[in-house]
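Chemist: have a look at this prediction, sequence included:
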Amino acid sequence: NAGVTQTPKFQVLKTGQSMTLQCAQDMNHNSMYWYRQDPGMGLRLIYYSASEGTTDKGEVPNGYNVSRLNKREFSLRLESAAPSQTSVYFCASSEAGGAWQPQHFGDGTRLSIL
Amino acid sequence: TQLLEQSPQFLSIQEGENLTVYCNSSSVFSSLQWYRQEPGEGPVLLVTVVTGGEVKKLKRLTFQFGDARKDSSLHITAAQPGDTGLYLCAGDILGGSNYKLTFGKGTLLTVNP
């Protein structure tokens, strides 16, 4: 099983450019999440989607937008990239909410903004 | 403010040694998870603890949730090079959103052959 698939794996952008990070899961999970991981900061939640058709802000939503396209896909968009958004981005999914539900992570997108 | 403090931040040991890493908070958590992350990959769940005082074992790994549900520990017996990785604790604060996991910054473990 593929699990959670993220594309692209690597990307370099110039300040001010826009791009969309794609995420798809094949586990029929209801909930999906976007995190960023920075050295010394740990994983921080950007946005989440509790179920198809809903999205909510996490800890660090500024500068990002998300779309829950269908049950499988959850995309993250940077409208005007800034160097502070250089990070590794992880998408995750879980069957439902609650920390007792295991979150399954993709392998990340490494994004550099010059 | 870091809600979940992990210690130590870095740990380098020899194969066969025992070790313990800690995850502490001033907040009460409904449940707490431990993940391991290897370079270039996403975190993978090791265990979830839900009840205060709970102890779970996964082969050579022993996880404990504090009685007050504010802290947790991970003990590895006879560490092996395959245990090398970043260990992350994560939890949902009691009374908070079910969907918002708070992660610690992690403990980077290196086990040398």
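Modeler: Right, received. Where do you want to start?
Chemist: who touches the most centrally placed residue in chain A in this structure?
Modeler: Closest to where the C-alpha atoms of chain A average out (Cα atoms, centre = their mean) is A:W34, at 2.7 Å. Counting by Cβ atoms under 8 Å, 6 or more residues apart in numbering or on different chains, A:W34 touches A:21, A:23, A:45-48, A:58, A:64, A:66, A:74, A:76, A:89-92. Using the backbone N, CA and C atoms, a C-beta is placed for each residue, glycine as well.
Chemist: ok, of those, which one's closest to A:R110?
Modeler: Nearest to A:R110, judged by Cβ to Cβ, of those is A:Y89 at 8.1 Å.
Chemist: now do the residue nearest to A:E52 when sequence neighbours are not counted against chain B, distance only.
Modeler: Once flanking residues are discounted, A:E52 sits nearest to A:K71: 4.7 Å by Cβ to Cβ, 6 or more residues apart in numbering or on different chains. Using Cβ to the nearest Cβ, to the nearest Å, one gets 16 Å for the distance from A:K71 to chain B.
Chemist: show me what the helix or strand of chain B with the lowest mean pLDDT is in contact with.
Modeler: Least confident element among the helices and strands of chain B, by mean pLDDT, DSSP states H and E: strand B:102-103 (a mean of 90). Strand B:102-103 is contacted by residues A:Y35, A:G42, A:L43, A:R44, B:L3, B:L4, B:L88, B:C89, B:A90, B:G91, B:D92, B:I93 when judged by Cβ under 8 Å, 6+ apart.
Chemist: how about whatever residue of chain A ends up closest to chain B, what does it touch?
Modeler: Chain A approaches chain B most closely through A:F105 (3.0 Å), counting by Cβ to the nearest Cβ. Contacts for A:F105 were tallied using Cβ under 8 Å, 6+ apart; they are A:V4, A:F90, A:C91, A:A92, B:G42, B:P43, B:V44.
Chemist: if we can go back for a sec, wait, doesn't the residue nearest to A:E52 sit right on A:M27?
Modeler: No. With contacts counted by Cβ atoms under 8 Å, A:K71 stays clear of A:M27, the gap being 10.3 Å.
Chemist: looks to me like A:S75 is in a strand.
Modeler: Yes. Under DSSP: H, G, I helix; E, B strand; the rest coil, A:S75 falls within a strand.
Chemist: report the beta-bridge partners for it.
Modeler: Applying DSSP bridges to A:S75 gives these bridge partners: A:S67.
Chemist: who in chain B is up against chain A?
Modeler: Among all residues of chain B, those adjacent to chain A (criterion: Cβ under 8 Å from any Cβ of the partner chain) are B:2, B:29-33, B:40-45, B:48, B:50, B:88, B:90-92, B:97-101, B:103-106.
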